[in-house]
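Visitor: Kindly return the folded structure for what I paste below:
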Amino acid sequence: MTLYRLRESVELIAPTVVVAFDGWVDAGGAATAVAEVLAAEGGHLLATFDSDVLFDYRARRPTLEILDGRPAELTWPEVTLQRARFEDHDTLILSGHEPDFRWQELAGDLVDLAHRFGVVEWISLGAIPAAVPHTRPVTLMGTESAPGLLRGEVQPGPAGLLRVPSAAISAIDIAMAKAGIPTLGYFAQVPHYVSGAYPAASLALLQALARHLGTEPAAVALRREARQLRSRLDAATAADDDTKAYVEKLEAMVDESRLPSGDDLISDIERFLRDRGTEGSQRA
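Guide: Numbering: from 1, shown residues only. I've put the predicted structure just below:
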């Protein structure tokens, strides 16, 4: 038995798969916001996955709607595969909540689907917290299964060995590469002092995708949200001398091209995980 169920049989043209899961690694919801934009471009459901075996409902509880004192509806965590068409080829969007269980089995099923659909490229999206200021353009870090897959000015990195807690997208990415499917990833750096959504990072990821898809999906709402958040962050920074000094220090580091080391990234990621753990216990 596979973990997925196809909703329809379709003929696909040179499909590229774009993957984004919430949680780890998706700081500021940057990657999943991009998946929503792509799916909104006329996408329709192609496959669903077995939520009952992929999720721990005690850790990721379904949302209950109560109407006039009567339990009315449950919204369950899910992973879906949607199809959209850009220019002369198909794009498949694999998105949803990051699974708790059976990563290796899921990766194997996705490899089978990729061969079945004739997938030509597998692109993972994510975002990580970093010591960067909100006043500078979003930096993207890349991964690639072979040299030359990344486009634009994005480089694979950081250099050297970096050990961090893995994400489900990484397990799937490695399985795809071993199966001979070109894989790459774009990961936006999100200021670690920003809480909540960070649409500027979503826009940077979307622009990177545009180079692969040959078109740029509409992102009017994201641009508006990015401008509004920038204004709020500027105002908050100006109102506090310590915050202003810290942001200026980060600006100097970026302007001097002092990219974060592996140790710096690990420190930021550990801080991010601690914060998420605190938030998770409060939500539970």
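
Visitor: contacts, neighbours, all on C-alpha from now
Guide: OK.

Visitor: ok, which stretches of the protein are strands?
Guide: For the chain, the strands defined by DSSP state E occupy 4-6, 16-21, 44-49, 63-67, 70-75, 79-86, 89-96, 121-130, 140-144, 183-191.

Visitor: Take these and lay them out in CSV including mean pLDDT.
Guide: Shown next, in CSV, are those (pLDDT from 0 to 100):
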stretch, mean pLDDT
strand 4-6, 95
strand 16-21, 97
strand 44-49, 94
strand 63-67, 97
strand 70-75, 96
strand 79-86, 91
strand 89-96, 93
strand 121-130, 96
strand 140-144, 95
strand 183-191, 96
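
Visitor: mind checking which of these is nearest residue 164?
Guide: When the strands of the chain are compared by CA to CA, strand 121-130 sits nearest residue 164, at 11.3 Å.

Visitor: from the chain's centre, how far out does the closest one sit?
Guide: 5 Å (CA atoms, centre = their mean, to the nearest Å).

Visitor: Run the angle between that strand and strand 89-96 for me.
Guide: Counting by axes from the mean of the first three to the mean of the last three CA atoms, to 10 degrees, strand 121-130 lies at 40 degrees to strand 89-96.

Visitor: what is the orientation angle of strand 121-130 with strand 183-191?
Guide: For strand 121-130 against strand 183-191, the angle by the same axes, to 10 degrees is 20 degrees.

Visitor: name the helices or strands packed onto strand 121-130?
Guide: strand 16-21, helix 30-40, helix 168-178, strand 183-191, helix 262-283 (3 or more CA pairs under 8 Å, 6 or more residues apart in numbering; DSSP states H and E).

Visitor: Show me what that strand is in contact with.
Guide: 15-21, 25-31, 169, 173, 176, 181-192, 201, 205, 260, 265, 268-269, 272 (CA atoms under 8 Å, 6 or more residues apart in numbering).

Visitor: what does stretch 134-150 give?
Guide: With CA under 8 Å, 6+ apart as the test, stretch 134-150 has contacts from 154-158, 177, 182-191, 200-201, 204-205, 230, 233, 251, 254.

Visitor: In that stretch, which residues are buried?
Guide: Using 16 or more other CA atoms under 10 Å as the test for burial, stretch 134-150 gives 134, 138-145, 149-150.

Visitor: Could you report the neighbour count for residue 55?
Guide: Residue 55: 21 surrounding residues under other CA atoms under 10 Å.

Visitor: Out of the helices and strands in this protein, which is least certain?
Guide: helix 262-283 (a mean of 50; mean pLDDT, DSSP states H and E).
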